[in-house]
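Trainee: Just need the structure, nothing else, for what follows:
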Amino acid sequence: MSEHNHPPEGDSRQDKDMETLRILLAHWIEHNKSHEDNFREWAHKSEKLGKPKVSELISKAADSLNAASLYLLEAKKHI
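Mentor: Residues are numbered from 1 along each chain as shown. Here you go, the predicted model:
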């Protein structure tokens with residue numbers, strides 16, 4: 001029998017999954033940043049509209065997105 005240099009079938013699936021994971025992490029980080037920026041804009045507008053509690057809560061949501069992105073960025077470093 002001749003030996004082939006093809007990776008085992010599982011490796012090909014793992015390679016595809018790893019690439020998908022890299023793409024998803026980058027996408028999620030960028031997506032969160034977009035939402036975070038929008039939240040901060042509306043937190044500022046809410047403050048100007050005389051809704052400080054609304055502004056505070058939207059700001060906290062933005063902070064949470066930022067924290068999530070930091071976790072995703074750290075995960076990306078471990079790939």
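
Trainee: gap between residue 31 and residue 65?
Mentor: Counting by Cβ to Cβ, to the nearest Å, the separation of residue 31 from residue 65 is 9 Å. Using the backbone N, CA and C atoms, a C-beta is placed for each residue, glycine as well.

Trainee: same question, residue 43
Mentor: Counting by Cβ to Cβ - residue 43 and residue 65 are separated by 12 Å.

Trainee: residue contacts, residue 52?
Mentor: Neighbour list for residue 52: residue 46 [criterion: Cβ atoms under 8 Å, 6 or more residues apart in numbering].

Trainee: May I see the buried residues of the helix or strand where residue 31 lies?
Mentor: Per DSSP states H and E: residue 31 is located in helix 9-48. Using 16 or more other Cβ atoms under 10 Å as the test for burial, helix 9-48 gives 25, 28-29, 32, 36, 39-40, 42-43, 46.

Trainee: tell me the SS of residue 50?
Mentor: Taking DSSP: H, G, I helix; E, B strand; the rest coil as the rule, one finds residue 50 in the coil state.

Trainee: re earlier: mind putting the buried residues of helix 9-48 in JSON lines, pLDDT included?
Mentor: Formatted as JSON lines, those follow (pLDDT from 0 to 100):
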{"residue": "25", "pLDDT": "98"}
{"residue": "28", "pLDDT": "98"}
{"residue": "29", "pLDDT": "98"}
{"residue": "32", "pLDDT": "98"}
{"residue": "36", "pLDDT": "98"}
{"residue": "39", "pLDDT": "98"}
{"residue": "40", "pLDDT": "98"}
{"residue": "42", "pLDDT": "98"}
{"residue": "43", "pLDDT": "98"}
{"residue": "46", "pLDDT": "98"}
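
Trainee: Of the residues you listed, which is the nearest to residue 18?
Mentor: Relative to residue 18, the closest of the buried residues of helix 9-48 is residue 25; by Cβ to Cβ it sits at 10.8 Å.
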